[in-house]
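A.B. asks: Starting from these lines, generate the structure:
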Amino acid sequence: MEIQVAVARQSEVYPSAVRQQLERILAHSLFNRSERMGRFLRLAVERTLAGKAGELKEYLIGVEVFDRKATYDPRVDPIVRVEARRLRSKLKAYYESDGRADAVTIQFVAGSYAPQIQRRAEAPPARVASGCNTIAVLPFANLSPTAEHEYFSDGLTEELIHALTAVPGMRVVAWNSAARLRERQQDLAAIRQQLHAATALTGSVRVAGLGLRVRAQLIDTESGVYLWSETFDRTMQDVFAIQEEIARSIVRTLRVRLGSVEETPVGRSHTTLTSYDWYLKGRYAWNRRSPESLAEAIRHFEAAIAADDRSALPHAGLADSYSLLVDYGLMPPDEGMPRAKAAANRALELDPGLAEAYTSLAFVCSHYDRDWQEAEALYRKAVELTPSYATAHHWLGGDCYLLLGRFDEALAEIETALQLDPLSSILRDGLGFTLMTMGRHEEAVQVHREIVETDPTFSKAYGSLGRAYVQQGNYAEGIAVLEKGRSLAGGIPSILGVLGQAYGLVGERERARELLASLRERGQREFVPCTPIALIHLGLGEKEQALDWLERGYARQESALTAMGVHPAYDALRGEPRFETLLERLGLR
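C.D. replies: Sure, this is the predicted structure:
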């Protein structure tokens with residue numbers, strides 16, 4: 001029988017929405033006791049989402065789903081055709097019963113093993129539907145006489161975002177994306193198009209002495225109509241009450257408009273005004289994500305703790321800062337990770353509902369303790385507490401599932417993070433890295449090129465783009481981009497390592513050895529991760545030396561080693577006994 005491949009209308013549905021629908025179907029009583037039926041459906045959907053619907057032939061399904069041997073002949077054994085009919089029947093029964101209101105349909109037509117994926121004709125487009133409950137909290141303008149209070153207006157914005165994310169049924173655009181439109185608060189079309197938000201909260205803050213005036217407006221991004229507007233005149237001591245008062249007013253307005261949002265948001269625990277001021281300054285610095293700003297953030301968080309050691313927020317901020325310093329190779333793991341772990345645990349003692357602390361603790365568990373099972377549980381706890389926390393989805397996908405080789409789950413989580421924070425360069429960078437790891441080099445290059453074009457000061461993107469070019473075999477472009485990244489970010493070891501590896505691969509051994517010598521000399525004076533040195537040796541074809549350095553990195557519990565199981569830069573070592581032993585020790589096998 002000739003199989004006609006059906007064209008699924010995937011472009012109309014977010015892949016994450018398709019995967020959510022898939023899990024809903026598989027959990028239903030019609031499917032949850034039929035393992036092979038579930039495998040059949042999952043294979044067909046995932047191949048279609050990956051653009052590989054044409055591969056869905058009887059032979060492939062027979063071998064991968066029904067465990068037929070390589071000698072399987074579909075003309076003799078009709079198992080796939082028989083089970084396809086059963087699958088169509090079960091899906092029809094599902095959508096005629098409990099699934100009759102589902103917005104996304106997954107169905108098969110006779111003669112095809114590629115599913116038709118689409119929205120129901122009567123359902124509104126998914127993006128519009130999700131946008132109805134989506135609000136973008138844009139950075140409040142600082143109208144104070146001096147610029148020093150900008151941290152306060154940004155901090156109030158972040159606290160409002162947090163309060164609103166705790167409301168069931170509401171999707172809140174993350175800070176990183178909202179901040180990208182800082183100077184475009186009046187551009188409602190851009191807010192609706194780029195952030196997919198039906199409503200926008202804008203406002204201003206003016207601090208003069210002890211006086212505080214906060215003005216806030218809730219705007220319908222389609223019509224431009226003001227849904228609500230209010231001015232709050234208070235003293236600085238009332239900052240927490242103002243935050244909660246504004247959040248409650250917004251939620252009441254949305255509850256009337258949408259009819260599906262609960263009335264009272266969950267606020268954060270209070271602290272002293274002095275501690276809160278230091279915390280906001282710390283978050284303001286942390287959000288800049290440079291080596292200098294991370295060090296500054298730590299100083300501010302420590303000052304916040306000194307002012308009120310029972311405030312959970314600065315402890316969580318401290319954990320995040322140390323986690324990033326280690327992740328960026330700027331601090332020895334045995335120095336930074338224990339500090340991050342202690343700070344995260346202290347934050348959880350003070351506030352067991354703080355999703356940020358669970359996320360930071362999860363990163364330590366995987367990248368330092370090598371306890372992947374516990375890390376996944378902690379990430380899931382963070383997502384459960386605050387589903388709109390994009391970093392939890394990002395790290396669960398890119399720093400847990402991906403490193404364990406669970407590629408589909410990794411992509412789904414990163415996609416969810418990007419829906420929450422659509423303009424985030426670091427999230428798009430994570431998507432590009434995932435695609436490169438999966439061997440989809442052309443797509444990875446495209447993602448990183450878009451980051452460089454839209455955010456040219458984001459130095460990390462140049463290193464990522466250079467890596468993608470190198471893995472694609474485009475060494476000239478890769479080296480040029482890496483040199484650009486080197487000039488922007490300075491001599492960060494991670495960039496020097498991939499640059500040295502590239503020089504070695506193209507035969508420019510002298511340049512590779514210059515970078516190798518530079519890193520080793522620096523290692524005598526300061527902390528330098530072992531992985532960049534190992535990569536240069538690998539580029540020079542010196543496998544034993546590369547393995548020596550990787551084993552040193554393992555002894556130092558360096559977090560970068562956790563990518564070895566999937567990162568294509570290490571492909572030349574696969575099958576080497578010492579390398580495979582390292583992967584086992586890292587919990588990656």
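A.B. asks: In the stretch 301-450 of the chain, where is pLDDT below threshold?
C.D. replies: By pLDDT under 70, the stretch 301-450 of the chain contains no weakly predicted segment.
A.B. asks: Look at Ile25 and report its pLDDT.
C.D. replies: Looking at Ile25, its pLDDT stands at 91.
A.B. asks: who's in contact with it?
C.D. replies: 31, 41, 91, 94, 99, 106 (C-beta atoms under 8 Å, 6 or more residues apart in numbering). C-beta here means a position set from N, CA and C on the backbone, and glycine is covered the same way.
A.B. asks: got those as TSV, with distance to Gly317 and pLDDT columns?
C.D. replies: What follows is the contacts of Ile25, written out as TSV (distance: C-beta to C-beta, whole Å; pLDDT from 0 to 100):
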residue	distance to Gly317	pLDDT
Phe31	44	81
Leu41	44	92
Leu91	48	90
Tyr94	46	83
Gly99	44	82
Ile106	43	92
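A.B. asks: Nearest to Leu210 among the residues you listed?
C.D. replies: Gly99 (58.4 Å; C-beta to C-beta).
A.B. asks: got the buried residues for stretch 30-41?
C.D. replies: Neighbour-count burial for stretch 30-41, counted by 16 or more other C-beta atoms under 10 Å, picks out 30-31, 34, 37-41.
A.B. asks: right, and the pair among the contacts of Ile25 with maximum separation?
C.D. replies: Most distant of those, by C-beta to C-beta, are Leu41 and Gly99, 13.1 Å apart.
A.B. asks: Let's verify the closest residue to Glu413 other than its chain neighbours: helix, strand, or coil?
C.D. replies: If the residues on either side of it in the chain are set aside, Glu413 comes closest to Gly397, at 2.9 Å by C-beta to C-beta, 6 or more residues apart in numbering. Secondary structure for Gly397, judged by DSSP: H, G, I helix; E, B strand; the rest coil, is helix.
A.B. asks: Enumerate every residue touching Gly397.
C.D. replies: 409-414, 416-417, 430, 434.
A.B. asks: From those, pick the one nearest Val173.
C.D. replies: Ala417 (12.0 Å).
A.B. asks: Where does that closest one sit, in terms of helix or strand?
C.D. replies: Element membership for Ala417 (DSSP states H and E) is helix 407-420.
A.B. asks: again with Thr457
C.D. replies: Applying DSSP H and E, one finds Thr457 in no helix or strand.
A.B. asks: again with Lys281
C.D. replies: Applying DSSP H and E, one finds Lys281 within helix 273-286.
A.B. asks: Helix or strand next in line after that helix, which one?
C.D. replies: Next along the chain from helix 273-286, counting by DSSP H and E, comes helix 291-307.
A.B. asks: quick one, that next one and helix 273-286 angle?
C.D. replies: 170 degrees (axes from the mean of the first three to the mean of the last three C-alpha atoms, to 10 degrees).
A.B. asks: Identify all contacting residues around helix 291-307.
C.D. replies: The contact list for helix 291-307 (C-beta under 8 Å, 6+ apart) reads 271-272, 274-279, 281-283, 285-287, 311, 313-315, 317-318, 321-322, 324-325, 328, 330.
A.B. asks: Can you give the contact residues for the helix or strand Thr359 falls within?
C.D. replies: Per DSSP H and E, Thr359 falls inside helix 355-367. Residues from elsewhere that reach helix 355-367 (C-beta under 8 Å, 6+ apart): 312, 315-316, 319-320, 323, 326-327, 333, 337, 340-341, 343-345, 347-348, 351, 371-372, 374-376, 378-379, 381-383, 385-386, 389, 391-392, 395-396, 399-400, 403, 559, 562.
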